[in-house]
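Student: Sequence unavailable; structure follows:
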């Protein structure tokens, strides 16, 4: 089939390569312009290496963007991780319209941080949706969905890179085939089940040690590797990445204050929370690099009795 890809970054690149690998014609690629001084987008680079025409419009709402897509005469548009708004008079230009990827089971978790939120809330299932883009945010009719389990120790990184990323690439191929063949169904989203969440940023990633250990652990893993759940140590930002949940039954009784470093070992340290402890295995202090917790202990940055978040 003859397609146009609208996207960016690694997911857009992977989708491009998947269509090319099976012999489809990618007539053009649309990706957002890079910020001044930034490296070229990897999707742009990959398209250029394959001799595919690349378009970078500040907005997909302008007439030049629409004229460019119309001139390609493609069968279907493929939106693979798109942050630019794509209006209806753009996405309906291809013969069979456009399909878009979203990493949640719509209508739940509409919005830009749809992988972080379900993990942070202790959900046990998530997934991906291929849908028709409309002028509403992630509100269009559903063409295809795939589910995946969120295990108790999954992180943002494992859910996305191990499952939602590769599953999403294959789902885009599958959905495109269905749409172009005219054998797909479009299911209107149930608005009574819809939820919307904004960006999962620094304020959302702050650790509140007074919360139950389950909530603290879920927050940390939902931010690993980005944006990084954080607290403070002697007034310096401490981001926690790899960790374990240690329930109170594992050590007999809670001791120390909430947020206190109550135990240290050669490779980790433990922080008291409601109902148990968080064992920190990898962290980043201030402007330093992500390091094993043992490295922070070795240089004396972390010591028993310190209170995090104070």
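Tutor: Now that the structure is in, tell me what you want to look at. Computed from a predicted model, the values in this text were never measured in an experiment.

Student: What separation is there between residue 119 and residue 242?
Tutor: As judged by CB to CB, to the nearest Å, residue 119 and residue 242 stand 15 Å apart. Placement of C-beta: from N, CA and C, glycine included.

Student: Make sure residue 65 is indeed in a strand.
Tutor: No. Using DSSP: H, G, I helix; E, B strand; the rest coil, the assignment for residue 65 is helix, not a strand.

Student: Quick check: closest non-adjacent residue to it.
Tutor: residue 57 (4.2 Å; CB to CB, 6 or more residues apart in numbering).

Student: quick one: pLDDT of that neighbour?
Tutor: On pLDDT, residue 57 comes in at 97.

Student: For it, give me its contacts.
Tutor: 30, 33, 64, 65, 68 (CB atoms under 8 Å, 6 or more residues apart in numbering).

Student: Of these, keep whichever come out buried.
Tutor: 30, 65, 68 (16 or more other CB atoms under 10 Å).

Student: Dump the residues you listed into JSON lines; add pLDDT and distance to residue 248 as well.
Tutor: Shown next, in JSON lines, are these (pLDDT from 0 to 100; distance: CB to CB, whole Å):
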{"residue": "30", "pLDDT": "98", "distance to residue 248": "53"}
{"residue": "65", "pLDDT": "98", "distance to residue 248": "57"}
{"residue": "68", "pLDDT": "98", "distance to residue 248": "61"}
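
Student: in the stretch 51-200 of the chain, which spans are helices?
Tutor: 63-72, 88-91, 116-120, 156-157, 165-181 (DSSP state H, counting those that start in this stretch).

Student: what would the ones you listed look like in a markdown table with distance to residue 213?
Tutor: A markdown table is the format used below for these (distance: least, CB to CB, whole Å):
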| stretch | distance to residue 213 |
| --- | --- |
| helix 63-72 | 49 |
| helix 88-91 | 45 |
| helix 116-120 | 14 |
| helix 156-157 | 19 |
| helix 165-181 | 29 |
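
Student: Give me whichever of those is most buried.
Tutor: Ranked by mean neighbour count under mean count of other CB atoms under 10 Å, the helices of the stretch 51-200 of the chain are led by helix 116-120, which reaches a mean of 24.

Student: contact partners of that one?
Tutor: Outside helix 116-120, the residues touching it (CB under 8 Å, 6+ apart) are 104, 108-109, 111, 126, 150, 154-156, 159, 197, 200, 204, 218-219, 221-223.

Student: How about stretch 213-226?
Tutor: 116-117, 119-122, 153-157, 200, 205, 207-209, 211, 229, 240-243, 245-247, 273-278.

Student: Could I get the average pLDDT for that stretch?
Tutor: Stretch 213-226 comes out at a mean pLDDT of 97.

Student: how distant is it from the center of its chain?
Tutor: 14 Å (CA atoms, centre = their mean, to the nearest Å).

Student: Could you do stretch 124-139 as well?
Tutor: On CA atoms, centre = their mean, the centre of stretch 124-139 falls 13 Å from the chain's centre.

Student: And for stretch 114-127?
Tutor: That offset, for stretch 114-127, works out to 11 Å (CA atoms, centre = their mean).
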